[in-house]
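>>> Let me see the structure of the following:
(one chain, ligands or ions: 1)
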Amino acid sequence: MTSEAVVGVLAVQGDVREHLTALTACGAGARPVRRPDELDAVDALVLPGGESTTIDKLTRAFGLRDPLRERVASGMPVYGSCAGMILLADRLTDAAAGQLTLGGIDITVRRNAFGRQVESFEEDLSFAGIDGPGVRAVFIRAPWVDEAGPGVEILASIGAGPAAGRIVAVRQGNLLATSFHPEITGDIRVHRFFVEMVRSAARV
Ligand code: GLN
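Residues are numbered from 1 along each chain as shown. The predicted structure is shown next:
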């Protein structure tokens with residue numbers, strides 16, 4: 001590409017700065033998005049980790065919900081981590097009262113799925129499309145994918161322990177979602193994977 005893709009990070013709540021840093025380290029232009037006109041100016045978007053119910057309420061309050069759904073429907077590349085995965089899910093197993101998702105990925109997601117004892121943990125995951133050592137994955141009150149439709153590519157699952165086999169990373173078209181937070185580990189390979197998706201989408 002001659003001009004670098006600009007990737008926004010939805011900045012109504014959550015760990016925005018960490019994603020901006022990781023995207024910048026991948027060579028992407030990265031900027032926060034809080035308003036519809038800022039959304040118009042980006043080629044792709046990251047939905048950060050945080051609290052999905054709060055992000056849902058704030059995107060509605062800021063008039064971002066409909067523009068976001070339109071951009072998702074028109075093929076904008078979006079990466080959601082943790083709460084962001086919840087926002088990209090077509091269905092939730094246990095939505096809070098009145099909670100909406102943006103949708104886009106044909107998955108059913110269970111919030112806070114790993115339970116209290118293991119609310120937060122780390123694991124090195126094998127991730128389809130990312131070579132080298134396992135991807136360091138940090139799970140913080142993380143969701144998992146209960147069901148994935150036939151068009152969904154499963155990129156990573158938990159390897160061992162009581163949650164072995166649970167799906168924690170998926171892709172459908174230009175949408176990518178992980179249960180975990182690569183943005184806080186210093187391992188930028190998932191962000192690089194996403195920026196590559198953005199660059200390929202821009203070439204089509
Ligand atoms: N449990 C949070 C939610 O439901 C997600 C946690 C996170 O993003 N670290 O939104």
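>>> Can you tell me which helix or strand of the chain has the lowest average pLDDT?
None of the helices or strands of the chain scores lower by mean pLDDT, DSSP states H and E than strand 120-125, at a mean of 91.
>>> Extract the residue ranges of this protein that are flagged as low pLDDT.
The chain contains residues with pLDDT under 70 at 1-3, 116-118, 204.
>>> What parts of it come near the ligand?
Residues of the chain lying close to the ligand (CB under 6 Å from any ligand atom) are 49, 50, 51, 52, 82, 83, 86, 111, 112, 140, 141. Placement of C-beta: from N, CA and C, glycine included.
>>> Among those, which ones are in helices?
Judged by DSSP state H, the subset of the residues of the chain next to the ligand located in helices is 52, 83, 86.
>>> Any of these buried? List them.
For these, a neighbour count by 16 or more other CB atoms under 10 Å gives the buried set as 52, 83, 86.
>>> thinking again about what came up before, may I see the ChimeraX selection of the buried members of the residues of the chain next to the ligand?
The ChimeraX selection below is limited to those of the residues of the chain next to the ligand classed as buried (16+ other CB under 10 Å):
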select :49,50,51,52,82,83,86,111,140,141
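>>> And the strands in the chain?
Ranges of strands within the chain are 6-10, 29-33, 44-47, 78-81, 89-92, 105-110, 120-125, 135-140, 144-148, 153-157, 167-172, 175-178, based on DSSP state E.
>>> Tell me which of the ones you listed sits most buried.
Mean neighbour count (mean count of other CB atoms under 10 Å) peaks for strand 78-81 among those, with a mean of 30.
>>> contacting residues around the residue nearest to residue 59 when sequence neighbours are not counted?
Distances taken as CB to CB, 6 or more residues apart in numbering place residue 65 nearest to residue 59, at 5.0 Å, with adjacent residues excluded. Going by CB atoms under 8 Å, 6 or more residues apart in numbering, residue 65 touches 59, 100, 102.
>>> again with residue 58
Neighbour list for residue 58: 12, 13 [criterion: CB under 8 Å, 6+ apart].
>>> Roughly how far does it sit from the ligand?
Remark: distance between residue 58 and the ligand (CB to the nearest ligand atom, to the nearest Å) = 12 Å.
>>> where does stretch 167-183 sit relative to the chain's centre, distance-wise?
5 Å (CA atoms, centre = their mean, to the nearest Å).
>>> now the end-to-end length of it.
By CA to CA, to the nearest Å, the extent of stretch 167-183 from end to end equals 19 Å.
>>> Compute the first-to-last residue distance for stretch 101-120.
Start-to-end span of stretch 101-120 (CA to CA) is 23 Å.
>>> chain center to it: distance?
12 Å.
>>> Where is the longest helix in this protein?
helix 189-203.
>>> Off-centre distance for that one?
Distance of helix 189-203 from its chain centroid, counting by CA atoms, centre = their mean, is 13 Å.
>>> quick one: contacts for the residue nearest the centre of the chain?
With distances taken as CA atoms, centre = their mean, the chain has residue 80 as the residue nearest its mean C-alpha position (1.2 Å). By CB under 8 Å, 6+ apart, the contact set of residue 80 is 46, 47, 86, 87, 88, 175, 176, 177, 178.
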